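Undergrad: I would like the atomic coordinates for the input below:
(one chain, ligands or ions: 1)
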Amino acid sequence: MAQYSRVSGTVGLITLLNPPVNALSAAVRQGIVDMMDKALSDRKVKSVVICGHNGKFCGGADIREFSSPLTGPLLIPVIQGVESAAKPVVAAIEGVALGGGLELALGCHYRIAHSKARLGLPEVHLGLLPGAGGSQRLPRLIGVPAALDIITTGRHVTAAEALKLGLVDRVTDRNTVDEAVKFALSVADQSPQSRRISTFPCPHHPDLDAVFEGVMQRVRQRARGALAPVACVQAVAAATLPFAQGMERERELMATLFTSGQARAQQYHFFAQRAVGRWSMPSGARWDKTKPVAVHKAMVIGLGTMGRGISVALVQAGVSVVAMETNEKQLMDAKQAISSMLERGAKRRGVAPALDKIRYSSDMQPAADVDLVIEAVFEDMALKKKVFQQLSALCKPGTFLCSNTSGLDVDQLASETRTPELVVGMHFFAPAHVMKLLEVVYGSRSSPQAVATAMELGKQMGKVSVAVGNCRGFVGNRMLKPYLEQAFFLLEEGATPEFVDQVLEEFGFAMGVFRMSDLSGLDVGWRVRKADGLPDGHSARIRQGCRYSPLGDLLCEQGRFGQKTGRGWYQYDKPGGQVAKPDPWLQDFLEKFRTQHGLVARRIDHQEVLERCLYALMNEGFRILEDGIAAGPEDIDVIYVLGYSWPPHRGGPMFYAAMVGLKKVLERLEHYHQEHPDIPSLKPCNLLRKLVVSGSPPVQKWREFLQKPQSQL
Ligand SMILES: CC(C)(COP(=O)(O)OP(=O)(O)OC[C@H]1O[C@@H](n2cnc3c(N)ncnc32)[C@H](O)[C@@H]1OP(=O)(O)O)[C@@H](O)C(=O)NCCC(=O)NCCSC(=O)/C=C/CCCCCCCCCCCCC(=O)O
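TA: Numbering: from 1, shown residues only. Sure thing, here's the model as predicted:
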């Protein structure tokens with residue numbers, strides 16, 4: 001709803017009231033209409049200010065309303081009503097003005113923003129476009145190139161940039177509403193006619209066609225099949241038409257997006273990112289019953305790529321860091337790399353680099369004086385165990401001990417310490433100061449407080465933290481295994497790396513599985529498999545009674561580790577090269593392999609690649625839910641979108657399974673498992689069967705079918 005009062009004698013003050021972000025629900029929209037009527041019909045009122053309750057102007061349309069039929073006045077006429085008001089209307093922007101919130105502000109005749117406010121049109125991230133006139137008013141106000149940038153990236157703009165762009169008229173450090181009221185008094189006698197953005201022509205640009213063409217090309221490349229970014233460009237292009245025609249085009253494009261599966265997927269992802277913060281553990285421990293401990297000082301052990309990124313992320317989050325590395329050369333290199341990452345980051349954010357927040361050490365001694373340690377040494381259990389033993393002896397009571405591991409057993413590490421309850425896994429993704437995902441892994445003895453502290457620290461570092469149980473590979477890498485396996489089996493059966501990658505990239509992955517393996521290094525998995533007892537020169541296709549593909553191992557034995565060696569599943573012009581080219585050697589190698597094993601290459605189509613790779617991955621997701629390793633499908637989906645480049649417009653693997661139809665997924669898995677009974681990952685999991693028998697409920701209801709956590713608190 002909205003509240004109304006008259007202030008300073010002649011200013012009508014309308015306050016949007018819908019905590020926590022004053023989203024434009026039906027009640028708020030109705031409130032705006034009613035309070036505008038009140039202000040306009042009050043003879044004493046000469047001008048109007050619109051602000052938001054509790055220091056937040058408005059977070060946009062109420063996204064929760066998008067899943068049911070729209071009720072109440074529509075936002076477009078509400079904003080038109082504000083713009084056409086005969087009295088000047090000023091938007092007092094504090095906190096955020098996003099989406100419909102900014103569109104409402106664009107309908108006002110003046111905009112005053114607090115210096116800390118953020119403005120933006122992030123609808124593209126929800127599979128939409130700014131469909132309440134934003135795609136038409138913004139280019140008219142700030143020009144096509146700047147509007148295209150803001151609308152197609154959905155990025156937030158600071159108040160300072162907004163002022164530079166002409167998006168706001170004034171920025172203040174003082175009380176924004178008071179300033180807006182003063183401003184409203186100063187323009188009370190002026191006609192708002194010349195301030196109605198809908199009447200502005202689109203500012204002239206010498207070569208608009210080239211601008212649109214360039215952006216469209218970039219957007220198509222980045223969008224990977226997403227509809228919204230393309231529609232955003234098309235909508236802005238319509239801003240060069242007369243306003244009414246532009247609005248009609250915006251409506252048409254919005255109508256297509258609004259009902260699309262992509263918009264549903266992206267809106268699901270928005271809420272899923274927030275839902276994962278409400279974590280729970282099988283013990284019944286929960287986010288709202290556990291207080292995290294504040295971390296002021298942390299130590300990072302091991303300054304390879306991961307340790308450096310983690311140190312930067314911690315410093316940027318305001319935590320004092322001791323960065324430790326025993327290898328002198330590595331320590332020197334790390335110092336330089338970390339300083340320049342901090343400097344670059346600070347420059348981007350327009351702040352001073354916090355170089356004084358980090359100090360370096362070549363020994364473990366400083367661990368005695370920190371609140372939390374993140375061990376980021378090489379992924380080797382024996383080495384990590386040694387570090388944990390040392391930490392256990394050195395650290396003061398209460399120090400949290402975290403391991404940056406991508407899949408090792410957290411319980412084994414905990415058992416090396418005197419305080420297993422303070423041990424958790426923190427699985428960062430490279431580059432650790434950039435990637436938004438953090439898997440927080442609780443072991444069987446991790447305390448709720450240790451989990452809460454790691455989750456909160458992740459949030460402080462700007463990450464979306466997901467709490468997951470302890471198993472090999474946790475959630476992300478555990479699901480990757482059957483996906484990779486299927487890709488290898490498809491090569492054995494007749495596919496090429498180029499074809500498999502092309503299918504997966506058309507689906508929306510940034511990189512197909514083989515290009516991704518080449519980038520991350522084939523040797524990483526190979527070393528883990530060797531540590532597990534894989535013998536050298538092994539080329540058998542059965543291991544422990546199940547089908548196994550030795551293709552990756554055979555490539556590694558040839559020294560083909562991927563991009564770093566210039567050869568992997570593809571060839572590169574040099575070691576470290578990035579342009580993947582099909583390699584005739586590999587074709588020859590695959591043919592010889594098939595001959596050696598009596599395999600006959602067959603034609604594999606697009607559908608089989610997608611189904612075998614993705615359905616095997618999804619099936620593992622169902623198993624993870626069944627095992628209680630993830631608390632709900634949202635956890636898995638967030639991990640895959642933020643950590644494994646699953647396309648956001650497909651929601652995540654669990655959401656996608658529901659979109660495809662659980663019955664179909666089950667049938668296809670049954671079909672493939674019948675064809676390949678020696679591949680256990682294709683055997684449909686019980687939870688999937690249970691959901692299908694229960695009528696394939698929507699993903700939001702799956703938690704009801706999972707085992708309830710038992711409280712031991
Ligand atoms: C930056 C934020 C605002 C705040 O961040 P933070 O402080 O960290 O807090 P959060 O944890 O993120 O959020 C707190 C809770 O608030 C919930 N929330 C946030 N924003 C919204 C929202 N906009 N709506 C609903 N709920 C919201 C959030 O979920 C949290 O609650 P919980 O923990 O999940 O319980 C940050 O929140 C943020 O970025 N928010 C989103 C901003 C955004 O994306 N805004 C754009 C929204 S879309 C929009 O505005 C669209 C406008 C155009 C509408 C035009 C409608 C015309 C329809 C025509 C359709 C034609 C169809 C025709 C069909 C036919 O023909 O039939």
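Undergrad: can we go C-alpha only for contacts and neighbour counts from here?
TA: Noted.
Undergrad: what's the helix or strand for the residue in the stretch 501-650 of the chain that the ligand sits nearest to?
TA: Closest residue of the stretch 501-650 of the chain to the ligand, CA to the nearest ligand atom: residue 634 (12.1 Å). Using DSSP states H and E, residue 634 sits in helix 633-643.
Undergrad: Just give the nearest non-adjacent residue to the most centrally placed residue in the chain, would you?
TA: Residue closest to the average C-alpha location in the chain (CA atoms, centre = their mean): residue 642, at 4.0 Å. Distance criterion CA to CA, 6 or more residues apart in numbering; nearest residue to residue 642, sequence neighbours excluded, is residue 437 at 5.6 Å.
Undergrad: for the ligand, what are the nearby residues on the stretch 51-200 of the chain?
TA: 59-64, 75, 98-100, 122-123, 130-132 (CA under 6 Å from any ligand atom).
Undergrad: Okay, and which of these map to helices?
TA: Within those, residues falling in helices by DSSP state H are 75, 100.
Undergrad: of all the residues of the stretch 51-200 of the chain next to the ligand, which comes closest to residue 115?
TA: Residue 115 has its nearest neighbour among those in residue 98, at 15.6 Å by CA to CA.
Undergrad: ok, that closest one - contacts?
TA: 58-60, 118-122 (CA atoms under 8 Å, 6 or more residues apart in numbering).
Undergrad: redo that, cut-off 6 Å
TA: 59-60, 119-121 (CA atoms under 6 Å, 6 or more residues apart in numbering).
Undergrad: for residue 55, same thing?
TA: Counting by CA under 6 Å, 6+ apart, residue 55 has contacts 94-95.
Undergrad: Relative to residue 49, how far out is it?
TA: According to CA to CA, to the nearest Å, residue 55 stands 14 Å off from residue 49.
Undergrad: what do you get for residue 573?
TA: For residue 573, the distance to residue 49 - CA to CA - is 62 Å.
Undergrad: if we can go back for a sec, quick check: strands, which of the contacts of residue 98 are part of them?
TA: Secondary structure defined by DSSP state E assigns 119-120 of the contacts of residue 98 to strands.
Undergrad: I only care about the contacts of residue 98 that end up buried; give me the PyMOL line for that.
TA: Buried residues among these (16 or more other CA atoms under 10 Å), as a PyMOL selection:
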select buried, resi 59+60+119+120+121
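Undergrad: Format the contacts of residue 98 as TSV; extra columns: pLDDT.
TA: Below are these laid out as TSV (pLDDT from 0 to 100):
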residue	pLDDT
59	98
60	98
119	98
120	98
121	98
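Undergrad: so residue 373 sits in a strand?
TA: Yes. Membership of residue 373 in a strand is supported by DSSP: H, G, I helix; E, B strand; the rest coil.
Undergrad: Quick check, it in contact with residue 301.
TA: No. With contact defined as CA atoms under 6 Å, residue 373 does not count as touching residue 301 (7.5 Å).
Undergrad: Which one's more surrounded, those two?
TA: Counted by other CA atoms under 10 Å, residue 373 and residue 301 do not tie: residue 301 has more neighbours, with 27 against 24.
Undergrad: buried set for stretch 289-299?
TA: 292-293, 295, 297-299.
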